[in-house]
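Trainee: Just to be clear, the model below is a prediction. Sequence and coordinates:
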Amino acid sequence: MGTEALIQLIFPLVLLIGAYFVGTSLETKHYKSLRAREHASRGFLTVTFPYEPSEKQVLDTALVTGSVVISVDYFKRFLAGLRMLFGGRVASYEPLLDRARREAILRMKTDARDRGFNAVTNVRLETSRLASSAGNNQGTAAVEILAFGTGIKFHHEARSA
Amino acid sequence: MNHEPRVPRDDVNVTARHPLKDGAVMLAGVVVVAGLIFGVAVLLVEQLVPYVPPSWEARLFPDFGLMEHTPDSPEQEAQLEVLNTLLERLEAHWPERPETLRVGLLDTDGVNALAFPGGLILVTTGLMTEVQSENELAFVIGHELGHYHGRDHLRSLGRGVALATILALLGQSGTVGELVGISSDLSTRGFSREQEEQADAFGLGLVESEFGHVHGATDFFDRLPAPESAIERALATYLATHPLNDERVRSIEQLARDRDWKTEGETTALAR
Amino acid sequence: MTKEVHLILSNTENVPGKNILEFYGVVSGSTVRAKHIGRDIMAGFKNIVGGELKGYTELLIEARQEAVNRMTAQAESVGANAVINVRFTTSSVAQGAAELFAYGTAVKVG
């Protein structure tokens, strides 16, 4: 009777500790991958305004998107729960959103490049929260970030003036 | 305008706060605040409980009479008779008792006696077969009477309400509420140690008044099984509703010495 | 020597009255903020009578400013002196916590 209650207490603690270590290692790996890909793709023009190169001829345009759904690990949810009592910056969620956003933008760039475009303009970012299917108010279990923009393919040679 | 590809710094959108330290600080804060609120609530409960008349108490709780077992054998009928007589004899020494006190049987092999809010005391058939002398049984009943004397059910209810309020506040944060709920469940098992000790003292007092001495009152506990290993013992100490038997016996013996009660005398066998 | 960078923020495609010389890329700043339980309770009361939730307004203003500061820091790190096409989004990432996000393109104007 009493041992059940004790096990009930130990189980979430074990989950917390496990989530912390595994989550942190996954995060570190992801950041390494992000940095490498961002550095490699920095030449691919990406802007948030409707850039149209005046000196080059635009051949083709289309909407390109990149999206990712990232889940929050148990430890982060626990920290966020505590933070919501005291108020202030929820530091445990920030890397989550940072990673998701950068991943979404990279995927959008990849989508554009794979389809033969040279640049993405008018980039927009949208964030939505995916509620857990149980519908309990345990805080979100997942966040979706969508990056979309207009891909443009321009002729590499300059238009004759 | 020309495109100059540069990668911006990537550390702005994360806060360099170590999560374990962060979590530990916040958790400590929560524990402290919750503890304070709980402490104040308990104080309030302690102040208010003596003013609640026993008749109200019966109305606050559900009717537990449904749990009472009707004797289905002559042996059980005899047991019930013994219980009723003993209760009457002990009640005579407690004039301020609530009017709704009565005793009944619980049909199970486990050795236990329970005091329900409202005045119903249930003794298991398992206990009735284990107990050997009147003095032992009188102490068991007397202990349960002690819980009524101390208004322990109301206190537990008050404490439970205080905890529920805190949980409702904290519960908005999901996982934290879970953890607090589980640890609170652990810490409010049954009655508190002080309540149990007071019930023991009261019960022993009744036995002394009835028999003139306290010899044999604790013999029962010596016969009950004790925890085998150190781990079992540690778990049992923390999680049990009653204190460990040998510690309990020692406290009772000390109490008898303090109150100068006779520890030698004849024990009466139970009429079966 | 600390450089006084006066960074211009604009939500139009160019900085009015100036020319864009170079552009670097997308910069963004975000912050996740939670309200504390005190504000929650006060807001609950305010829900009954209606009107502005001043506590929340202040909270989100602070949070938005922080997001803008972070975006500015990113822009400065690439050597920009302006951010154009600035946009804001607010999204709920957990019940009780909101993410404030600001993004734009870092440019050099002259």
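Mentor: That came through, no problem.

Trainee: Spit out the contact partners of B:A115.
Mentor: B:I121, B:E144, B:L145, B:H147, B:Y148, B:D152, B:H153 (Cβ atoms under 8 Å, 6 or more residues apart in numbering or on different chains). In short, each C-beta sits where N, CA and C put it, glycine included.

Trainee: got it, and A:T46?
Mentor: Applying Cβ under 8 Å, 6+ apart, one finds that A:T46 lies in contact with A:I105, A:M108, A:K109, A:A119, A:V120, A:T121, A:V123, A:G149, C:G25, C:V26.

Trainee: What is the nearest of those to chain B?
Mentor: When the contacts of A:T46 are compared for distance to chain B (Cβ to the nearest Cβ), C:G25 comes out closest, at 6.6 Å.

Trainee: for the helix or strand that closest one falls within, which positions count as buried?
Mentor: Secondary structure assignment for C:G25, by DSSP states H and E: strand C:20-34. Of the residues in strand C:20-34, C:20, C:22-34 count as buried by neighbour count, 16 or more other Cβ atoms under 10 Å in any protein chain shown.

Trainee: Pull the residues that contact the longest helix anywhere in chain C.
Mentor: Across chain C, the helix with the greatest residue count (assigned by DSSP state H) is helix C:54-77. Residues lying outside helix C:54-77 but in contact with it, judged by Cβ under 8 Å, 6+ apart, are A:87, A:89, B:8-9, B:12-13, C:5, C:7, C:9, C:24, C:27-31, C:33, C:35, C:39, C:42-43, C:82-83, C:86, C:88, C:90, C:98, C:100-104, C:106.

Trainee: List the ones among these that fall in helices.
Mentor: C:R39, C:M42, C:A43.

Trainee: Most neighbours out of the residues you listed, which is it?
Mentor: For the ones in helices among the contacts of helix C:54-77, the largest number of neighbours (other Cβ atoms under 10 Å in any protein chain shown) sits with C:R39, at 19 neighbours.

Trainee: For that residue, give its distance to C:A106.
Mentor: With distances defined as Cβ to Cβ, to the nearest Å, the gap from C:R39 to C:A106 amounts to 35 Å.

Trainee: and the strand holding C:G25, average pLDDT?
Mentor: In this model, strand C:20-34 carries a mean pLDDT of 92.

Trainee: gap between it and the chain center?
Mentor: The chain centre lies 9 Å from the centre of strand C:20-34; the measure is Cα atoms, centre = their mean, to the nearest Å.

Trainee: try stretch B:8-22
Mentor: Here the centre of mass of C-alpha atoms in stretch B:8-22, compared against the chain's by Cα atoms, centre = their mean, lies 48 Å away.

Trainee: Chain B: strands as residue ranges?
Mentor: Defined through DSSP state E, the strands belonging to chain B, from first to last, are B:2-3, B:102-106, B:113-115, B:120-124.

Trainee: Inside strands: which ones of the contacts of A:T46?
Mentor: Among the contacts of A:T46, the residues falling in strands (DSSP E) are A:A119, A:V120, A:T121, A:V123, A:G149, C:G25, C:V26.

Trainee: List just the nearest of those to A:L97.
Mentor: The shortest separation between A:L97 and any of those is 15.2 Å, and it belongs to C:V26 (by Cβ to Cβ).
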